[in-house]
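Asker: Take this sequence and fold it.
(4 chains)
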Number of protein chains: 2
Amino acid sequence: MAERTPAQVPGRGRATASMADVARLAGVSSQTVSRVSNGYAGVNEETRQQVLEAMKELGYRPNSAARALKRGEFRTIGVITFTLSTTGNVRTLEAIATSAAAEGYAVTLLPVAVPTTDEVRGAFSRLEELAVDAVIVIMEVHLLDAATVKLPPHVQVVVVDSDAGDHYTVVDTDQAGGTRTAVQHLLELGHRTVWHLGGPEDSFAAQRRADAWRAALTEADRPAPPLVRGDWSAESGYLAGRELAAREECTAVFAANDQMALGLLRALHEAGRRVPEDVSVIGFDDIPESGSFLPPLTTLHQDFAEVGRLCVQAVLRKMRPDGSEHGTTLVPTRLVLRQSTAPPPAER
Amino acid sequence: MAERTPAQVPGRGRATASMADVARLAGVSSQTVSRVSNGYAGVNEETRQQVLEAMKELGYRPNSAARALKRGEFRTIGVITFTLSTTGNVRTLEAIATSAAAEGYAVTLLPVAVPTTDEVRGAFSRLEELAVDAVIVIMEVHLLDAATVKLPPHVQVVVVDSDAGDHYTVVDTDQAGGTRTAVQHLLELGHRTVWHLGGPEDSFAAQRRADAWRAALTEADRPAPPLVRGDWSAESGYLAGRELAAREECTAVFAANDQMALGLLRALHEAGRRVPEDVSVIGFDDIPESGSFLPPLTTLHQDFAEVGRLCVQAVLRKMRPDGSEHGTTLVPTRLVLRQSTAPPPAER
DNA sequence: CACCATGATGTTTACGTAAACATCAGCCAC
DNA sequence: GTGGCTGATGTTTACGTAAACATCATGGTG
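Answerer: This next block holds a predicted model:
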């Protein structure tokens, strides 16, 4: 290579300094710069200092595109998720980003506006051209299957909020365990049975909670009342809650998330049924606001931070050559007792 | 559910097919493959079909690292934000990701765990090595300044939740306008003055709302009661709310966000003061749950989607050679009337 | 029919990095 | 002193893509 002017683009400021620029200034070869840049041993201390000084002077930053090209990895994890409107997804995403950063990985976000097969397919096809080494999917796996996903063969996948541990690596909250705790808590207070304000049918988490609710009642030899459903939103909880409020015999409700529980509280309040004196309500999630509901909500705390952390662990483990098998990891929940549950009226 | 082999196929030869592979199979030069891949005109239809077929057969995907290296751009925007615990940040982030995707840009997330200068500096230094063309910062700009930010010269920055339109390009909700609307609404209902449950001192948004509240009162020749502060959380709103609830003369409160308003509602409820009969409460944000509070909360709707969209627009505009000057873009708020405000007791 | 414009395609090169290999001085053992 | 070894550094090459330039038929024009 002949005398080469450092990349000087006239119109729009100058581009960043390259290794060659640093090498020239330090009077060494670019390979030596590379060695210093990567903390390689075997560089004379004096030389190293010269190089570091030259780097500093030129404001050198390694070009990650070139690095990725050479190394064949991007050190980036893609996260596909539905709208960030649920606390759980957001908190999980946040934990993923934090854990990934700690491992030296960046996180690229791929939001899917509406949970249709087309949208999911679109996200994945964008992903295919994206610079990621692995993918964490926070959504229903059946949409994933239906989208005929075709990822580059080396891209690893971990799924949240799903079963399918036989096809994918799955990390999730222990939905069934948490639900059982909720139902048992209410039964132990003396309620004859527990009603359920469930989530939407197409959600695996909602399905799992509804199934576990039924199972826990069956196990305790109690009749299972009809299931009412919302779509996770407080508004839907309010609408469904009006039905429940009208039922005299309903004294205990397990809501599939805190937001619907909020709506339910409003419906009960409007119907003149006091919580917890007349009706006990228990939620699921433990969102930050639930301690400020009227009354403060008893609920099951989900450890989203742990879920996110485990996702990153799992996906990084899979990227290693001896990558492990598929399987499901469950994160336990914790009962948070506040003021929305009490013994039924008859027992008071 | 469809039988589907997991994406992991080890030992299946090379990881990904390159242009050269496709070219070989199609019997053309790799340059022709490049032309087809980039939708260049001037390729014989027959040749194009052959290339496309070869691509399909080999499962060819362009290597984004190589592409980025060649083109000198990553088509990625970095987003630095504090914890995703506030609705506003999350919604803005989501809108940014969606808008960016529409423009063919990916979004890389850089969460900052705690808002200390050190943490911010850490995030930026990680960012320096990151593959981004531009950065959107969702946080207090004073932390940004203190962190002695040193970004590659070509990386553009747009800031949310800040003033400093003279140093940076800023997009934000019209805090002052919204606040004025809130205060005027309460005064028009007949309240003598309006109290303010403010956000934390180190938040620009909180500061701006508090200032505007004071200004609106001064303008209407009303006395400004002492300011009470929370930290945005519902719990802090509850604590601060107990002070307000104890003040007989307090009949109207403007809470700086909906979550604190929620805590305030609980404090008022516990103190036996009815909303809106005894005390009117107005919030800020219009989070999805606020329609389900007891009572449903009157509040100012923030258009986070629009803020996010404008951020992306602004940052892309700045990336063009004729990049525009710094400046501030404000997004208006909208008053959402629900059931938490009414004329004061004396007027009833 | 010579000429040149046109369209289709191939060849060269460079982007910035880092592995692999090459060089070379200094030193020790025999 | 010679051979071999070690440590420090330089040179070559390749990663996959795409701009710039080169080549080469074809066909219309004068």
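
Asker: where along the stretch 201-348 of chain A do the strands fall?
Answerer: Taking DSSP state E, counting those that start in this stretch as the criterion, the stretch 201-348 of chain A carries its strands at A:228-229, A:252-255, A:280-285, A:298-301, A:327-331, A:334-336.

Asker: Pull up the residues of chain A that are close to DNA strand D.
Answerer: Contact residues, chain A versus DNA strand D (C-beta under 7 Å from any atom of the strand): A:27-32, A:35, A:41-44, A:46-47, A:66, A:69-70, A:72. (C-beta placed from N, C-alpha, C; glycine too.)

Asker: out of those, which touch DNA strand C?
Answerer: Contacts with DNA strand C are made by A:30, A:31, A:66, A:69, A:70 out of the residues of chain A next to DNA strand D, judged by C-beta under 7 Å from any atom of the strand.

Asker: Compute the number of surrounding residues for the third one.
Answerer: Under the neighbour criterion other C-beta atoms under 10 Å in any protein chain shown, residue A:66 is assigned a count of 15.

Asker: is it true that it touches residue B:72?
Answerer: No. Counting by C-beta atoms under 8 Å, residue A:66 does not reach residue B:72; the two are 10.8 Å apart.

Asker: tell me the contacts of the closest residue to residue A:106 other than its chain neighbours?
Answerer: Of all residues not flanking residue A:106 in the chain, residue A:76 sits nearest, at 4.7 Å (C-beta to C-beta, 6 or more residues apart in numbering or on different chains). By C-beta atoms under 8 Å, 6 or more residues apart in numbering or on different chains, residue A:76 lies in contact with A:105, A:106, A:107, A:108, A:131, A:132, A:133, B:108, B:131.

Asker: quick one: which of those is nearest to residue A:88?
Answerer: residue A:107 (17.1 Å; C-beta to C-beta).

Asker: Doesn't that closest one belong to a strand?
Answerer: Yes. Counting by DSSP: H, G, I helix; E, B strand; the rest coil, residue A:107 falls inside a strand.

Asker: In this structure it contacts residue A:99, no?
Answerer: No. Taking contacts as C-beta under 8 Å, residue A:107 lies outside contact range of residue A:99: 9.3 Å.

Asker: Could you list which of the ones next to DNA strand C among the residues of chain A next to DNA strand D belong to helices?
Answerer: The helices, defined by DSSP state H, take in A:30, A:31, A:66, A:69, A:70 from those.

Asker: From those, list the ones also adjacent to chain B.
Answerer: A:66, A:69 (C-beta under 8 Å from any C-beta of the partner chain).

Asker: Select from the ones in helices among the ones next to DNA strand C among the residues of chain A next to DNA strand D the one having the most neighbours.
Answerer: residue A:69 (18 neighbours).

Asker: Not counting sequence-adjacent ones, nearest residue to that residue?
Answerer: residue B:65 (4.1 Å).

Asker: where does the stretch 151-300 of chain A have low pLDDT?
Answerer: Residues of the stretch 151-300 of chain A that meet the criterion pLDDT under 70 lie in A:151-154, A:162-166.

Asker: out of the contacts of residue A:76, which are buried?
Answerer: The neighbour count (16 or more other C-beta atoms under 10 Å in any protein chain shown) marks A:105, A:106, A:107, A:108, A:131, A:132, A:133, B:108, B:131 as buried among the contacts of residue A:76.

Asker: What distance do you get for residue A:288 to residue B:31?
Answerer: 56 Å (C-beta to C-beta, to the nearest Å).

Asker: now do residue A:291
Answerer: In terms of C-beta to C-beta, residue A:291 sits 64 Å off from residue B:31.

Asker: quick one: residue A:99 and residue A:316 touch, right?
Answerer: No. Assessed by C-beta under 8 Å, residue A:99 is found out of contact with residue A:316, at 9.2 Å.

Asker: who's more crowded, the two?
Answerer: Neighbour totals were compared for residue A:99 and residue A:316, and residue A:99 leads with 22 against 19 (other C-beta under 10 Å).

Asker: before we move on, the earlier item: of the strands of the stretch 201-348 of chain A, flag the one that's most buried.
Answerer: strand A:252-255 (a mean of 30; mean count of other C-beta atoms under 10 Å in any protein chain shown).

Asker: Indicate each strand paired with it and its parallel or antiparallel sense.
Answerer: strand A:195-198 (parallel), strand A:280-285 (parallel) (DSSP bridges).

Asker: ok, and what's touching the shortest one?
Answerer: Applying C-beta under 8 Å, 6+ apart, the external contacts of strand A:195-198 come out as A:206, A:209-210, A:213, A:225, A:227-230, A:237, A:240-241, A:244, A:247, A:250, A:252-256, A:260-261, A:264.

Asker: any idea how far it is from the chain center?
Answerer: The chain centroid and the centroid of strand A:195-198 are separated by 24 Å under C-alpha atoms, centre = their mean, to the nearest Å.

Asker: what ranges do the helices span in chain A?
Answerer: Using DSSP H, the helices of chain A run over residues A:19-26, A:30-37, A:45-58, A:64-71, A:87-102, A:117-128, A:141-146, A:175-188, A:204-219, A:234-246, A:258-270, A:304-319.

Asker: any idea of the mean pLDDT in the fourth one?
Answerer: Spelled out, it's helix A:64-71. For helix A:64-71, the mean per-residue pLDDT is 92.

Asker: hmm, who's touching it?
Answerer: Contact with helix A:64-71 is made by A:74, A:75, A:131, B:63, B:65, B:66, B:68, B:69, B:74, B:129, B:130, B:131, as judged by C-beta under 8 Å, 6+ apart.

Asker: The last one too?
Answerer: Contacting residues not belonging to helix A:304-319 are listed as A:77, A:87-88, A:91-100, A:103, A:105, A:133-136, A:156-158, A:160, A:169, A:171-173, A:323-324, A:329, A:331, B:8 [C-beta under 8 Å, 6+ apart].

Asker: Strand A:280-285 and that one, what's the angle between them?
Answerer: 30 degrees (axes from the mean of the first three to the mean of the last three C-alpha atoms, to 10 degrees).

Asker: Burial check on the residue of the stretch 101-250 of chain A found nearest DNA strand D, number of neighbours?
Answerer: Nearest to DNA strand D, among the residues of the stretch 101-250 of chain A, is residue A:129, at 9.6 Å (C-beta to the nearest atom of the strand). Using other C-beta under 10 Å, residue A:129 is surrounded by 16 other residues.
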